Each structure stands twice: as structure tokens, then as C-alpha cells.
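**Q** Turn this into a model:
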Amino acid sequence: MMGGPRADGLATDRQSQHERRDRHGTAGRAHERQVLVVGDDPTAIATAGFVSQVGLDPVLARPPSERAGPNTLTLWRPGLVLLERLGLRRPVEAIGTRLDRLARPNVNSSWMTDQSDRPALLSIRRAELLTLLDRRVRDRIRTPERPLAGIDRTHNRVDVTFEGGIEESFDTVVTTDSTLAPTVEPRHIAATTHTWAFDWPTETPAPDGPTERWDDNRAAFSVPVADGTSVRLVSVTDSTHAATDINSLKRRFGTLLGWSANSFEALSQHAIRYHQGTRAVPVSVHSGGVVLIGSAARASLPGECLRTTLGIEDAWVLADALAYGPRDRDDALDEYEQRRRRRRWELDQCSTTATPAAQISKTLSPLLSRLYARRALAFRHVTNGCLPDVAESIPASL
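**A** Just a heads-up that it's a prediction; the model follows:
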């Protein structure tokens, strides 16, 4: 075990169900709370599912505006195990693509691991995961026909308004949209990332497994999915060219990605999805009964393989804190935040340990070095032949 505080952002299997449920005198009975979950992404829907499992009656509402996410997601072992609580692990593993190999062509390194009975890391199209979640969760939970229009906090309640003027009051509002929690002050980090995502052109032979290539301020990733190969290009330098200009991408990433001129010519301008983001970490993830989860609650990095899994972990831990944590709402949300901070500390500690080809990270910018470490953690089952301990910190039951 590593030094420092015990980082059980997730409860451990050694902790009995009775101990977890009775740690605040609940005698195994969930606190009565009225919970609204706002979002149309996997984290929000999973949150509604877990909150429902603990005996609460959540409402799942659409956000005021749709927020596009990445088309391809990766799920790490902890996320897969938690999806089993919703009856979704086997369906997800059945349609997902195992990621049991990794290549870093620019340093002539590659790894492959024997396939175990259950995948440690897989890729899946976002639309397919949402379809599974909708069938298993959304159809069993109250979902207003109209999206959320506004939030108004009172002393101990959160009053919400849906489009059309319909009003309702809740104890807690959970959201993956940081714009719905303007009083949750962010701590901005001076780093801007530029990301271009697209599917590998069908006219060009694609790699048969995940690849990653690194330069000082740029990186290129590809990951196979059931219906093709997903590509993501990342830069942490200022973008002075048109966001989706193919010639610009060819000049900046052609050598790094190892493509020929014909490969870039096969790309469609309209198929490239560009995103510019600034890393921002909230000082606190909750205020006045509104709590952030998923990527809104942390500084996510483009190309990070743990993003979806950490969102599912958020959902699980938040449901546990609301049901069996302190009776006071704000104290329960404090407990949730503390557990997630410990989990982040644990992952950071594990990410900074030695990894194969670690010399690459020494030449990278600080932001890409952090991204490199997170991806190395996700692929540890490939490069080291076994999962790290942090991938096994999964609770047996709420």
C-alpha cells in the first residue's frame, strides 16, 4: 500500500454493508430526500439509477441546452463493475471493444496482454451507452417532458422551473452542467487545450489497436470501436489557424500521426469536431443544495481514459452519501466531496509512479505530462500485465 491517508473514494469490500449503512445511525434506512438530476449524459443517467436503487425517488430532467460530448467513450474496470449494479455490465462488455494492447509508434514501443474473462478497459460509442442506460434507467424514473429552465435557491430547498412555467421544489439538485451552479466558484488553471476528434477515414487502413504519439505540446490518439476507429488530436499551444482546416491539421499533426497526404485528403471537413477548453477546478463542488458531478466537478483532460468511469464513481458515491451519510443535506454533500477528493489524491499518487517509456513524459509540457500519466494508469493492465490496486477499490453494495 502507498503512504499517505487511506484514499477510499469508494468504500472497500472489507467494509460490511451494515457498517456503511449505519455509520450515521440510519439503521439501514435511507434518508428521505427529494433529488433532481439534471443532465442527458451517462453520468447523469447513472446517478438517477443509483439514487433510485437506494430507495429515493429521483427526477431526471433534461438541461436547458444540449451539451455535446465525445462520440467515443472509454470505460475502466471500476466503472464496469459499478454498471453491474444497474444490470449493464454484460451488455456494455458485449458491444464494447476490449483495449488489450497499446502502441507508441514514435518510440517503437508496443504491448499486448492476454485477454482475461472480463475486460479491464474498453471503448464504446457514446450513443450506444446512452441507449443502454435509457432502457435500464430512464424508462423507470420520472422524467419531465420539458427541460429545466431555471434554479432558485432558498434557505434549505432548491426551487426549479421547467419550460412552460412549471415549478417544483427539491432538497438537492445534481447536475453535470457547471453553468447551472454559478455560485460554485471555479479555480482556473492557466492552460487551454485544443481538441480535434473524428473517425479514421475508411479509405485508409487503420491500426488494429489503440495508439498514442506524443510531442512536447501535442498528442495524437486512436482507439478502435465496433464500427471503426476514433481519432483525437490534442494541442496545448495557441491555435492560430482555422479550427477544422485540414491543411492546418496536416501541418501540425501529420508527422506525429504518421499519416500520408492521401490520408488527410480523405478527411471530410464537416466530420471534424473541434473543442477549445480551459481547465478549471471548482473550489467546492456544491453550494446551496446544487452539486456538480462528472467532468463539471474536476479538471478533465481531452483523451483521458478515466473520465467516464470517474463520473460513474461520482454517481455511486453521491447516492451513498445522500442515502446513508449525515442527515443534514450540506453535511452529506461535504462527505461526498471529501470522499471524491481522497479518490483523486489516490489516483494522482498512483499515476505518478514509474510507467514503461516514462522518459516520454519528461519532455512533455506539464499538462500533457499529466495526461500521459493518466493514460498510463488506464493501460497499466497492458504495460505491466496487471491492474493497479486503485482499480480494485470498488464497494460490494450500497
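
**Q** looking at this, residue 81 is in a strand?
**A** No. Assessed with DSSP: H, G, I helix; E, B strand; the rest coil, residue 81 is helix; it does not lie in a strand.

**Q** quick one: it and residue 92, what's the gap?
**A** 11 Å (Cβ to Cβ, to the nearest Å). For every residue, glycine as well, the C-beta is placed using N, CA and C.

**Q** count of residues packed around residue 150?
**A** 12 (other Cβ atoms under 10 Å).

**Q** pretty sure it contacts residue 160?
**A** Yes. When contacts are counted by Cβ atoms under 8 Å, residue 150 is listed as touching residue 160 (7.0 Å).

**Q** what's the burial count for residue 45?
**A** 24.

**Q** so what's it up against?
**A** 37, 39, 60, 130, 133-134, 137-138 (Cβ atoms under 8 Å, 6 or more residues apart in numbering).

**Q** Go again with 6 Å.
**A** Residues near residue 45 by Cβ atoms under 6 Å, 6 or more residues apart in numbering: 133, 137.

**Q** and after the helix or strand hosting it, which helix or strand comes next?
**A** Using DSSP states H and E, residue 45 maps to helix 42-53. For helix 42-53, the succeeding helix or strand toward the C-terminus, using DSSP H and E, is strand 59-61.

**Q** Can you list the strands that the helix or strand that that following strand is followed by pairs with?
**A** Next along the chain after strand 59-61, taking DSSP H and E as the criterion, comes strand 72-76. The pairing partners recorded for strand 72-76 under DSSP bridges are strand 121-125 (antiparallel).

**Q** got the CA positions of the strand it pairs with in PDB?
**A** Output of strand 121-125 as PDB, limited to C-alpha atoms (Å, rounded to 0.1, in the frame of the first residue of the first chain):
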ATOM      1  CA  LEU A 121     -10.600  -1.300 -20.300                       C
ATOM      2  CA  LEU A 122     -13.000  -0.900 -23.300                       C
ATOM      3  CA  SER A 123     -14.200   1.600 -25.800                       C
ATOM      4  CA  ILE A 124     -17.900   2.200 -26.700                       C
ATOM      5  CA  ARG A 125     -19.800   4.700 -28.700                       C
END
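
**Q** what sits up against it?
**A** With Cβ under 6 Å, 6+ apart as the test, strand 121-125 has contacts from 72-76, 96-99, 223, 225, 378.

**Q** for the residues you listed, which one is nearest residue 168?
**A** residue 73 (31.2 Å; Cβ to Cβ).

**Q** So what's the residue count around that closest one?
**A** Here the count is done by other Cβ under 10 Å, and residue 73 has 27 residues near it.

**Q** The closest residue to it other than its chain neighbours and residue 46: what is the separation?
**A** Closest residue to residue 73 apart from its sequence neighbours, by Cβ to Cβ, 6 or more residues apart in numbering: residue 308 at 4.6 Å. Between residue 308 and residue 46 the computed distance is 9 Å (Cβ to Cβ).

**Q** Grab the longest helix from the chain for me.
**A** helix 329-351 (DSSP state H).

**Q** by contact count, what packs against that helix?
**A** Under the contact criterion of 3 or more Cβ pairs under 6 Å, 6 or more residues apart in numbering; DSSP states H and E, helix 329-351 touches helix 307-324, helix 366-378.

**Q** switch to 10 Å and redo it
**A** strand 172-175, strand 286-287, strand 290-292, helix 307-324, helix 366-378 (3 or more Cβ pairs under 10 Å, 6 or more residues apart in numbering; DSSP states H and E).

**Q** Quick check: mean pLDDT of the second one?
**A** Confidence for strand 286-287, expressed as mean pLDDT, is 90.

**Q** Now find how far off-centre it is within its chain.
**A** Chain-centre distance of strand 286-287: 20 Å, with Cα atoms, centre = their mean, to the nearest Å.

**Q** For that strand, which strands pair with it and how are they oriented?
**A** Short version: by DSSP bridges, strand 286-287 pairs with strand 290-292 (antiparallel).

**Q** got the contact list for the strand it pairs with?
**A** 35-36, 38, 47, 151, 153, 158, 160, 170, 172-178, 180-184, 186, 282, 284-286, 297-298, 314, 318, 321-322, 329-330, 332-333, 336-337 (Cβ atoms under 10 Å, 6 or more residues apart in numbering).

**Q** which of those count as buried?
**A** 35-36, 38, 47, 151, 153, 158, 160, 170, 172-178, 180-181, 184, 186, 282, 284-286, 297-298, 314, 318, 321-322, 329, 332-333, 336-337 (16 or more other Cβ atoms under 10 Å).

**Q** count of neighbours near the residue lying closest to residue 97 once chain neighbours are set aside?
**A** Nearest non-adjacent residue to residue 97, counting by Cβ to Cβ, 6+ apart: residue 123, 4.8 Å away. A total of 21 residues lie near residue 123 under the criterion other Cβ under 10 Å.
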